[in-house]
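Novice: could you look at this predicted model? Sequence included:
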Amino acid sequence: MKIDTNDILNSILDSLDHVDYIRPEEIPNIDLYMDQVTTFMDEHFSSTKRYTEDKILTKTMINNYTKNNLLPPSVKKKYSREHMLLLILIYYFKNILSIKDIETVLEPLREKYFSTDSALQLSDIYREVCEMEKSRIEPMKASVREAYGKSQSSFENVPDGEEKDKLQLFTFICSLSFDVYLKKMMIEKIVDELASKDKKE
C-alpha cells in the first residue's frame with residue numbers, strides 16, 4: 001500500500017496552524033483547589049494529547065513538582081494564577097528537559113517574580129514569551145516544508161514504490177529529529193551554564 005507522505009505533511013502543517021497558548025486572562029482570577037487545577041489543564045491541553053488516555057496533569061505530578069522545587073507549595077491547599085502559569089511552563093518543558101533542568105530554568109522566575117511586588121509580573125513574562133513563540137510558527141512551517149522537500153529527493157536510485165516511500169519518510173523523521181537533538185543539546189548547555197553560575201554565586 002502506497003504511503004501518502006503528502007497527507008502526513010499536510011497534517012503536520014495543519015497541526016502547527018492550531019498551536020496556541022493559554023492566555024493569562026483565561027486563567028481564573030481566584031485560587032483553585034488541586035482538582036480544579038487538573039480539570040483546567042485537561043480542558044485546555046486536551047488537543048495536545050497523543051493518546052486519549054494520556055494524562056495532562058495529575059495530583060501526583062503536582063506534588064512531585066512541589067517536592068522538586070519546580071513549583072512553590074500551595075497556600076491553604078489552593079493554587080494561584082502564578083502557580084498555574086508555572087504549571088503551564090512545566091508542561092511544555094517536561095517533554096524535553098529533566099526535572100532538575102526545569103528547576104534550574106524556572107528558579108529565576110520563582111525567586112524574583114512569584115508572589116512579589118516586582119513591577120514586571122510573571123504573567124507579563126509568560127505573555128511575552130508565548131507571543132514570541134507564536135511568531136515562530138510560520139518560519140517553522142517553512143523549515144518543515146524544506147525538510148520534507150529534501151527527503152522527497154532522497155534515495156533517487158531506489159525504484160518508485162512502497163520501499164522508496166518508507167525510506168523517504170524515514171529521512172524526513174531523521175531530519176526533524178536531528179533538529180530537536182541539536183536544540184536540546186543547546187538548551188542543556190545553557191542550563192549547565194545557569195547551574196554553574198548559581199553555584200558560584
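Specialist: Thanks, I have the structure now. Numbers count the residues shown, from 1 in each chain.

Novice: which of the helices or strands spans the spatially most distant residue from the centre of the chain?
Specialist: Most distant residue from the mean C-alpha position of the chain: P159, 39.0 Å away (C-alpha atoms, centre = their mean). P159 is part of no helix or strand when elements are defined by DSSP states H and E.

Novice: following the helix or strand of the chain with the lowest mean pLDDT, which helix or strand shows up next?
Specialist: Confidence across the helices and strands of the chain bottoms out at helix 5-17, with a mean of 83, counting by mean pLDDT, DSSP states H and E. As assigned by DSSP H and E, the chain's next helix or strand after helix 5-17 is strand 32-33.

Novice: mind checking how far that following strand is from the chain centre?
Specialist: 24 Å (C-alpha atoms, centre = their mean, to the nearest Å).

Novice: what does stretch 125-145 give?
Specialist: Using C-alpha atoms, centre = their mean, the offset of stretch 125-145 from its chain centre is 12 Å.

Novice: ok, stretch 182-190 next?
Specialist: That offset, for stretch 182-190, works out to 15 Å (C-alpha atoms, centre = their mean).

Novice: quick one, helices of the chain?
Specialist: 5-17, 34-45, 59-67, 81-93, 99-113, 122-134, 137-152, 162-200 (DSSP state H).

Novice: give me whichever of those is most buried.
Specialist: helix 81-93 (a mean of 21; mean count of other C-beta atoms under 10 Å). Glycine gets a C-beta too; all of them are placed from N, C-alpha and C.

Novice: next, the angle helix 122-134 makes with that one.
Specialist: Helix 81-93 and helix 122-134 meet at an angle of 30 degrees, taking axes from the mean of the first three to the mean of the last three C-alpha atoms, to 10 degrees as the criterion.

Novice: chain center to helix 81-93, what's the gap?
Specialist: 11 Å.
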